[in-house]
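Participant: what follows is a predicted protein model with its sequence.
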Amino acid sequence: MCCHAMENFKKDLKMAQDLEIKVGITKHWVPEDEEWQTAGCLVMNCKYQHYLDQLESLIVAQIFELSKMNQAGTGYKLHKHITKALKACSTAIHTALN
């Protein structure tokens, strides 16, 4: 297994080096480079936006559950089921915020 992994690594490294030569990359980024820091900010913004989208979807789901609860003709059992779902959704939102 180890030999197979090393062979794959060497093959992938060779492909990456060939691509760097083809594209004309002569210098690798280091953490002190402005491009590295800019890319890091972009990654962090992307992660933040992803978590924000998840939180938004949880809140929208909770709003839909609340609107179902206030509909006429909602029986006791369905009302209890919706209440339980809302508690679970509230816990998920609380966890997402922390």
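Facilitator: Received, thanks.

Participant: for the helix or strand bottoming out on mean pLDDT in the chain, name the packing helices and strands.
Facilitator: One helix or strand of the chain scores below all others by mean pLDDT, DSSP states H and E: helix 76-97, with a mean of 79. Using 3 or more CB pairs under 8 Å, 6 or more residues apart in numbering; DSSP states H and E, the elements in contact with helix 76-97 are helix 34-69. No exception for glycine: its C-beta is placed from N, CA and C like everyone else's.

Participant: what packs against the helix it packs on?
Facilitator: helix 76-97.

Participant: buried residues of the helix it packs on, list them for me.
Facilitator: Residues of helix 76-97 classed as buried by neighbour count (16 or more other CB atoms under 10 Å): I82, L86, C89, A92, I93.

Participant: could you redo those residues as JSON lines and give each row distance to E32?
Facilitator: Shown next, in JSON lines, are the buried residues of helix 76-97 (distance: CB to CB, whole Å):
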{"residue": "I82", "distance to E32": "54"}
{"residue": "L86", "distance to E32": "49"}
{"residue": "C89", "distance to E32": "44"}
{"residue": "A92", "distance to E32": "40"}
{"residue": "I93", "distance to E32": "39"}
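
Participant: which one of the residues you listed sits closest to L55?
Facilitator: Comparing these against L55 with CB to CB picks out I93 as the nearest, at 6.8 Å.

Participant: ok, the nearest residue to the closest one once chain neighbours are set aside - contacts?
Facilitator: Distances taken as CB to CB, 6 or more residues apart in numbering put L58 closest to I93, at 4.9 Å, once the chain neighbours are dropped. Contact analysis of L58 by CB atoms under 8 Å, 6 or more residues apart in numbering lists C89, A92, I93, A96.

Participant: and these as a markdown table, adding distance to N8?
Facilitator: Converted to a markdown table, the contacts of L58 look like this (distance: CB to CB, whole Å):
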| residue | distance to N8 |
| --- | --- |
| C89 | 43 |
| A92 | 39 |
| I93 | 42 |
| A96 | 37 |
